[in-house]
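Visitor: One predicted model, sequence on top.
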Amino acid sequence: MSEAAPQVEIWLAREAQLRDPAVLESFSRVLSAKDRARVERMRFPDGRHQQLITRALARRVLSHYMPEIPPGDWRFDSAEFGRPAIASEFPEHARRLHFNLAHTQGLVVMAVGSRPGLGVDVETITRTAPLDVAHRYFSPREISDLDALPEAHKARRFQRLWTLKESYLKAVGSGIGGGLDRITFTFEEGGLRFEHADDADAAHWQFREFTIDGQYLVALAYLDRDSAQPVQVALRDFSGQE
């Protein structure tokens, strides 16, 4: 990423716009044998389409920032919980590019930045939400705040909390077992407050939320120890031609 570019970019790949057979064929050509096998393991066509886009997006976008590395040449190491990272065989300047992926029906998102500690999550905005799940996975403060809301506002609060928590747990490289109930997000007039007694860097985590096409909620988490230089975040559309 150049110094003039935003320090974090979120790429949006809308599945409905990526149906052209020629584009999909070009996606398939950049996949590794392992990637193709994973795509083929998906039982239903929509699942195969989403997996194809997800894996091609990662390769194409990384090569957008590192054009000297062809999309088909990228190799990844898999950390705990399956979080991908650029393989150690690549030069240091390439491994300084950090990324995270998430998808829901209809949309795949990829966050890319030069800072470690980067997580993204996306959920479809619906009128209903499994509110009973909150009592299993949310902190006591979050449950109390959620229960105090008018019924019409509870579903959106649940979705915001869920995507924020997932983005953080993905950024630190743990799954739901990392403790959804041990982290607390409080919505205040001055913004969002994050608390996690087990994380020495809790005060340095930053979060951003975006509503996409009126249908999706995207949450981004990133670690920012240098408050003197605020991180810029930009949204970018993935056309399949990158």
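Guide: All right, it came through fine. Residues are numbered from 1 along each chain as shown.
Visitor: Quick check: phi and psi on the nearest residue to residue 72 once chain neighbours are set aside?
Guide: Nearest residue to residue 72 in three dimensions, chain neighbours excluded: residue 30, at 4.5 Å (C-beta to C-beta, 6 or more residues apart in numbering). C-beta: built from backbone N, CA, C; applies to glycine. As for residue 30, its main-chain torsions (degrees, to the nearest 10) stand at phi -90, psi -10.
Visitor: Counting neighbours, what do you get for residue 30?
Guide: 18 (other C-beta atoms under 10 Å).
Visitor: Surely it is in contact with residue 62?
Guide: No. With contact taken as C-beta atoms under 8 Å, residue 30 and residue 62 are classed as non-touching, separated by 10.5 Å.
Visitor: Quick check: neighbours shared by the two?
Guide: residue 71 (C-beta atoms under 8 Å, 6 or more residues apart in numbering).
Visitor: Compute the distance between the residue nearest to residue 72 and residue 170, please.
Guide: 24 Å (C-beta to C-beta, to the nearest Å).
Visitor: Ok, residue 12 next?
Guide: Taking C-beta to C-beta, one finds residue 12 at 17 Å from residue 170.
Visitor: ok, these two, which is more surrounded?
Guide: residue 170 (23 against 20).
Visitor: which residues sit in contact with that one?
Guide: Residues near residue 170 by C-beta under 8 Å, 6+ apart: 83, 100, 102, 119-121, 221.
Visitor: what's the answer for residue 85, then?
Guide: By C-beta under 8 Å, 6+ apart, residue 85 lies in contact with 76-79, 95, 98.
Visitor: just residue 47 next, same as before
Guide: By C-beta under 8 Å, 6+ apart, residue 47 has no neighbours at all.
Visitor: Determine the three-state secondary structure at it.
Guide: What DSSP: H, G, I helix; E, B strand; the rest coil gives for residue 47 is helix.
Visitor: Flag every buried residue along the host helix or strand of residue 77.
Guide: According to DSSP states H and E, residue 77 maps onto strand 76-78. Using 16 or more other C-beta atoms under 10 Å as the test for burial, strand 76-78 gives residue 76.
Visitor: Check which helices and strands it is in contact with.
Guide: strand 84-86 (3 or more C-beta pairs under 8 Å, 6 or more residues apart in numbering; DSSP states H and E).
Visitor: The strand it packs on pairs with which strands, and in what direction?
Guide: Strand 84-86 pairs in its sheet with strand 76-78 (antiparallel), by DSSP bridges.
Visitor: Which pLDDT value goes with residue 127?
Guide: Listed pLDDT for residue 127 reads 72.
Visitor: just the helices in the chain please.
Guide: Taking DSSP state H, the helices of the chain run over residues 21-30, 33-41, 45-65, 92-95, 134-137, 140-148, 151-172.
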